[in-house]
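Enquirer: Following is a predicted model, sequence given first.
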Amino acid sequence: MQNLIDFIIKYKYWFTFLLMEGFSLAILIRFNNYQGSVYFTTANSLVGGIYTAADGVTSYIGLGKVNQQLEAENTALRDQLEAMKQELASRHIDTLRFAGFNNLRYRYVGAQIINATTSHSNNLLTIDKGAADGIRPEMGVICSSGVVGIVYLTSDHYSIVMPLINMKSKISCRLKEHNAFGTIEWKFGNIRSAYMTGVPLHVEIGKHEIVETNGFSDIFPPGIPVGTVEGTEASADGLSHLLKINLAVDYSSVRNVSVITNYNHREKTTLEYKADSIMNR
Amino acid sequence: MNHKTFTRLGRMALLLLVQIMMLNHMHLFGYATPLIMGYMIICMETGVSRISHLWWGFIMGLIYDIFSNTMGMGAASMTLLAMMKPYILKLYMPRDIVESFKPTIQSMTLSRYTWYTLSCMALMHCTFYFLEAFTLSDLLLTIGAMTGGTLLATLFSVCIEYIVHTKLEEREVAK
């Protein structure tokens, strides 16, 4: 301690000098705008450079740990890759089997609407594909926007489709978000909107909620859009919602459609009919 | 306070007055301003302690800064001159001097005194103008100001010293 005091006393003029210079530089930076800005700019870039260098050193030191992590990640990815390869090999076998289209439930037949009525209460559409193309009554018709209707009658080369904008049309569907089921019906008037009934009152329905097919009928696969909810009203019986639906399909402009063929549908309905008959005996 | 201190105070006041009222308005070639206040430190004898040197330089520089709106530049340059002056003086003063030595033309000869003053003024002007520029981008301009100021201040300092020295001699002869 004494040595330190002696050292300070011996070189006190150096310490005094440093203090005076420090004070001078401090007031230089504090009271001169130009010098202050230059100082702070330089100091910032210097500190930034130091931080960058320190970060580089820290990163370099931490490379061992990063290597270990990467190695572990590589091992996990290799495992996944091997699993994928095996899965792919088995899928390849499936694909060969699939090539026969034996297991496909739904197939699509492209068609064009060649005639349509939209101003009647029972509107109908005519498409240019018929029985010769494998089309049967009660097959679903869709377009890129969503559900168009159901095949009503067929000839060899033409079919008549009952669209949603037909007062006799009823299609089972669901609210996508709530998974609540109901039936779409059309009331004569606006060809861009229909009504959905059967949704329980406890379901809180938001505007613009998507309405889609539920897949129950086997005519449409589940998840094909029908429209969006435009408004909510209470139904006449007071037990369910009456939802006004903005239809996804614009019938005034739709041309290209696809007919969904499900050849198991007839088998299913026959079985259900038989079961009904037995139960009602 | 003794007589020497009063003399130094008077010299300081006079030098600051000349510097602030006259020389600050002199811009040779547009930018070289001589800082004659360094003469205050240059002419201080070696018997004065280093701490006193520093205080005289610092206070004088600070007063100059306050009146010239150059905060910190004058104080820093004068303090540095006060700190380095003994080392510079050692280069030019006669080697056999042991007691207190006052740097004058008479005690050092004109050429030595001029070189000594030039060295001190160069140090002070370099510090002052570097702090004023605070960048190396206008280096030529800064060097020009340093050189011009140093030469002018050295010239003025030597002239003052010569006049004071001559007057003292005349007084002694008259006595």
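Expert: Sure, I can see it. Being a predicted model, the structure only gives us computed values, none of them experimental.

Enquirer: Could you count how many residues lie near residue B:60?
Expert: Burial of residue B:60, expressed as a neighbour count using other Cβ atoms under 10 Å in any protein chain shown, amounts to 26. C-beta here means a position set from N, CA and C on the backbone, and glycine is covered the same way.

Enquirer: Strands of the stretch 51-200 of chain A, start to end?
Expert: Under the criterion DSSP state E, counting those that start in this stretch, the stretch 51-200 of chain A carries strands at the ranges A:107-116, A:125-127, A:140-142, A:147-154, A:159-163, A:171-175, A:181-185, A:193-200.

Enquirer: Let me have those strands in CSV, extended by distance to chain B and mean pLDDT.
Expert: Written out in CSV, the entries for these read as follows (distance: least, Cβ to the nearest Cβ, whole Å; pLDDT from 0 to 100):
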stretch, distance to chain B, mean pLDDT
strand A:107-116, 74, 84
strand A:125-127, 81, 91
strand A:140-142, 73, 91
strand A:147-154, 74, 92
strand A:159-163, 80, 93
strand A:171-175, 71, 91
strand A:181-185, 78, 91
strand A:193-200, 74, 90
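
Enquirer: Ramachandran angles for residue A:246?
Expert: According to degrees, to the nearest 10, the main-chain angles of residue A:246 amount to phi -80, psi 110.

Enquirer: That one reaches residue A:228, doesn't it?
Expert: Yes. Counting by Cβ atoms under 8 Å, residue A:246 touches residue A:228, with 5.0 Å between them.

Enquirer: the bottom helix or strand of chain A by mean pLDDT?
Expert: helix A:63-98 (a mean of 70; mean pLDDT, DSSP states H and E).

Enquirer: nearest to residue A:52, of the strands of the stretch 51-200 of chain A?
Expert: Comparing the strands of the stretch 51-200 of chain A against residue A:52 with Cβ to Cβ, the closest turns out to be strand A:171-175 (55.7 Å).

Enquirer: Measure how that closest one sits relative to strand A:159-163, angle-wise.
Expert: What separates the directions of strand A:171-175 and strand A:159-163 is an angle of 40 degrees, with axes from the mean of the first three to the mean of the last three Cα atoms, to 10 degrees.

Enquirer: Helices of chain B, start to end?
Expert: B:3-21, B:39-42, B:50-68, B:73-92, B:105-108, B:110-133, B:139-174 (DSSP state H).

Enquirer: what helix or strand does the residue in chain A that chain B sits nearest to sit in?
Expert: When Cβ to the nearest Cβ is the measure, chain A has its nearest residue to chain B at residue A:28, with 2.8 Å between them. With the criterion set as DSSP states H and E, the secondary-structure element containing residue A:28 is helix A:12-31.

Enquirer: Which parts of that helix count as buried, going by neighbours?
Expert: Within helix A:12-31, the residues that count as buried by 16 or more other Cβ atoms under 10 Å in any protein chain shown are A:13, A:16, A:17, A:20, A:21, A:23, A:24, A:25, A:27, A:28, A:29.

Enquirer: and the residue of chain B found nearest chain A, how many neighbours?
Expert: The shortest separation between chain B and chain A is 2.8 Å, found at residue B:72 (distances taken as Cβ to the nearest Cβ). Residue B:72: 23 surrounding residues under other Cβ under 10 Å.

Enquirer: and it, backbone torsions?
Expert: Here the main-chain torsion angles of residue B:72 (degrees, to the nearest 10) amount to phi 90, psi -30.

Enquirer: you'd agree residue A:228 is in a helix?
Expert: No. Counting by DSSP: H, G, I helix; E, B strand; the rest coil, residue A:228 falls outside a helix, being strand.

Enquirer: can you count the residues close to it?
Expert: If you count neighbours by other Cβ under 10 Å, residue A:228 ends up with 17.

Enquirer: for residue A:116, same thing?
Expert: 17.

Enquirer: With the one 10 residues further on instead?
Expert: Burial measure for residue A:126: 17 neighbouring residues, criterion other Cβ under 10 Å.

Enquirer: Any idea what it is bridged to?
Expert: Counting by DSSP bridges, residue A:126 is bridged to residue A:115, residue A:160.

Enquirer: picking up where we left off before, disregarding residues adjacent in the polypeptide, which is nearest to the residue of chain A closest to chain B?
Expert: With Cβ to Cβ, 6 or more residues apart in numbering or on different chains as the measure, residue B:72 is the residue that lies nearest to residue A:28, at 2.8 Å, once sequence neighbours are left out.

Enquirer: Enumerate every residue touching the one you found.
Expert: With contact taken as Cβ atoms under 8 Å, 6 or more residues apart in numbering or on different chains, residue B:72 is in contact with A:24, A:25, A:26, A:27, A:28, A:29, A:31, A:32, A:35, B:65, B:131.

Enquirer: Do you know the pLDDT at residue B:98?
Expert: Residue B:98 is assigned a predicted lDDT (pLDDT) of 66.

Enquirer: before we move on, what about residue A:128?
Expert: Residue-level confidence at residue A:128 comes out at 88, pLDDT.

Enquirer: now do the one 10 residues further on
Expert: Confidence per residue is given as pLDDT, and for residue A:138 that number is 88.

Enquirer: I'd say it and residue A:259 touch.
Expert: No. No contact is recorded between residue A:138 and residue A:259 when judged using Cβ under 8 Å, the distance being 11.0 Å.

Enquirer: Quickly list what's touching both of the two.
Expert: When Cβ under 8 Å, 6+ apart defines a contact, the residues bordering residue A:138 and residue A:259 alike are residue A:151.
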